[in-house]
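1. coords please:
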Amino acid sequence: GRSRGSKHWRKNTAYFTNSSPVIFTELFFWSSKDQREFKERFGPLWDSPHLSFCVDLNGSLINEYQPKAVIFVGLSEVTRVAEQFRLHHVYTLKMQSHRLVEHYQDASRSWYFTKHWSGSFGFSVIQKEAIREYIEQTSRE
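-> Next comes the predicted model:
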């Protein structure tokens, strides 16, 4: 069976995509146990010579499958990711003082950078519903 963490991610992915087909990838393809090991193997993420390799492979994956949208979990690296993929900013969805979604666009699709889905980061049900509604409304446009 799947781990508890895997079940959590699958459940959230189905929720935010309205159970649409999903292709999963990572910004950086790596296999290490933690951030310390990552830095020892690859150096700092944004200075790693491997980053362009991973960005190119992600671009190929996106071009091959032509997803309707890309959802990136987490907001901390939105500016750097947007630079790597040459995205332009569309809108920032906020609720009170919390950023929920940074909406970007490439030449043919929306990219949604969302507040992290982990409950440990203060992810409320109301925030979750607002993110889903925003993605659903804007991905139809």
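2. avg pLDDT for the strand or helix carrying Tyr104?
-> Counting by DSSP states H and E, the element that carries Tyr104 is strand 98-105. In this model, strand 98-105 has an average pLDDT of 95.
3. what pairs with that strand, parallel or antiparallel?
-> strand 88-95 (antiparallel), strand 110-114 (antiparallel) (DSSP bridges).
4. now these in JSON lines, with mean pLDDT?
-> Listed next are the strands paired with strand 98-105 as JSON lines, based on pLDDT from 0 to 100:
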{"stretch": "strand 88-95", "mean pLDDT": "97"}
{"stretch": "strand 110-114", "mean pLDDT": "92"}
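5. now the ones you listed in CSV, with distance to Val73?
-> Where C-beta positions appear, they are placed from N, C-alpha and C, glycine not excepted. Below are the strands paired with strand 98-105 laid out as CSV (distance: least, Cβ to Cβ, whole Å):
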stretch, distance to Val73
strand 88-95, 15
strand 110-114, 6
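6. the ones you listed: which one's closest to Arg41?
-> Among the strands paired with strand 98-105, the nearest to Arg41 by Cβ to Cβ is strand 110-114 (25.9 Å).
7. neighbours of the spatially closest residue to Gly74 that is not a sequence neighbour, just the number please.
-> Counting by Cβ to Cβ, 6 or more residues apart in numbering, Gly74 lies nearest to His116, which is 4.9 Å off, once chain neighbours are set aside. Neighbourhood size, His116 [other Cβ atoms under 10 Å]: 13.
8. ok, now which ones touch His116?
-> Counting by Cβ atoms under 8 Å, 6 or more residues apart in numbering, His116 makes contact with Val73, Gly74, Leu75, Phe123.
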